[in-house]
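Asks: Let's see this in three dimensions:
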Amino acid sequence: MAITGPRLNLSSLAVDCGISHTTAREWLSVLEASYLLVCLPPFFKNFGKRLVKMPKLYFESHGKLQAVEIKSGATFAPDWLMGIKKWQALVGSDALAPWLIYGGNETYEREGLTVIGWRDSLTRHT
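Replies: Here you go, the predicted structure:
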């Protein structure tokens, strides 16, 4: 079962995150390469509409929620876990283990959570 989000508007997403349009596109490509996200282009018989209309985003997680937080810093900071821990308290055991992807190179467990270096995130499928 896939969970669908709103139509993808990279410009709006970039503004909301305080990043450039290019950075937003690059971050989405990491999620696609990690098999966490599928960007589904719209289908219309009119090819011109396909070019103009926005795609939708689908996240595949075995019918359960999974939090994925991405930080640009290359050095782990303990306060990065605060948001994920709050999310875990809200959803309880009905969710998959969350991931924290960061700009560093190492992957390890910290306070019971998986902290994943961005390169390792490209090869993770579950």
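
Asks: Can you give me the neighbour number for the residue lying closest to residue 119 once chain neighbours are set aside?
Replies: Nearest-residue entry for residue 119: residue 105, 6.2 Å, with adjacent residues in sequence omitted and distances by C-beta to C-beta, 6 or more residues apart in numbering. All C-beta atoms are positioned from the backbone trio N, CA, C, and that covers glycine. Neighbour count of residue 105, defined by other C-beta atoms under 10 Å: 10.

Asks: Use 29 as the first number for this chain going forward.
Replies: Shifting the count to begin at 29 puts that one at residue 133.

Asks: Check residue 133 and give its pLDDT.
Replies: Note on residue 133: pLDDT of 88.

Asks: go on, the one 10 residues further on?
Replies: According to the predicted model, the pLDDT of residue 143 comes to 92.

Asks: residues in contact with it?
Replies: Contacts for residue 143 (C-beta atoms under 8 Å, 6 or more residues apart in numbering) come out as 104, 128, 130, 135-137.

Asks: Dig out what it forms beta bridges with.
Replies: residue 128, residue 136 (DSSP bridges).
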